[in-house]
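Enquirer: Have a look; sequence and predicted model below, questions after that.
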Amino acid sequence: MKEKELQRSRAVLPIGTIMKLTELTARQIRYYESQNLILPVRSESNRRLYSLNDIDRLLEIKDYLAEGFNMAEIKRVYEKQAARRQHEQQKLTKPVTDADLRDALHNEFLTVGGFRHDSGTFSN
DNA sequence: ATTCTGACA
DNA sequence: TGTCAGGA
């Protein structure tokens, strides 16, 4: 892993900063964490510490919700993303870059986004 | 001042 | 999701 990614994954930002940068409330940020959409590390004083990647993640989640996705669907997107990440890693073939992840995520978006929904009523 | 968990008038 | 409590 390159230094640049190490910095992006270095969690040091307090929730207050995340709130300002994402326009999300602490309530929402913590809720998404409870849904395993993000996994901020904890400081010795139990404070949540976020990385730049977490911010990107939250902004994406925010976009999905704006597009009309519900938690279950967004979870599916990241679960598949994680599955692919593991699969690619197992095949020990092509290294997964941030660009690859962004693309995979976008594809999932188009795939599951083919239909508007209202929580749980799938049509495909 | 800031953040954390739990709970719901 | 908002918001208040009570503690760290």
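Expert: Alright, I've got the coordinates. Residues are numbered from 1 along each chain as shown, chains lettered A, B, ... in the order given.

Enquirer: quick one, domains of chain A?
Expert: Chain A is divided into the following domains under automatic domain parsing: A:1-66, A:68-124.

Enquirer: Let me know the helix or strand that the most centrally placed residue in chain A is in.
Expert: Per C-alpha atoms, centre = their mean, the C-alpha nearest to the average position across chain A is that of A:Arg57, at 3.6 Å. Assigning secondary structure by DSSP states H and E places A:Arg57 in helix A:52-66.

Enquirer: what's the answer for A:Met19, then?
Expert: Residue-wise, A:Met19 maps onto helix A:15-22 under DSSP H and E.

Enquirer: and that helix with DNA strand B, contact?
Expert: Yes. Helix A:15-22 reaches DNA strand B (C-beta under 7 Å from any atom of the strand) through A:15-17, A:19. Where you see a C-beta, it was placed from the backbone N, CA and C, and this is true even at glycine.

Enquirer: Tell me the helix or strand right after that helix.
Expert: Downstream of helix A:15-22, the first helix or strand assigned by DSSP H and E is helix A:26-34.

Enquirer: sec struct for the closest residue in space to A:Arg57 that isn't next to it in sequence, please.
Expert: Sequence neighbours aside, A:Ile38 is the residue nearest to A:Arg57 in space, at 5.3 Å (criterion: C-beta to C-beta, 6 or more residues apart in numbering). The local conformation at A:Ile38, judged by DSSP: H, G, I helix; E, B strand; the rest coil, is coil.

Enquirer: quick one on the thing from earlier: of the residues of helix A:15-22 next to DNA strand B - the most surrounded one?
Expert: Going through the residues of helix A:15-22 next to DNA strand B with other C-beta atoms under 10 Å as the criterion, the one with the most neighbours is A:Ile15, at 18 neighbours.
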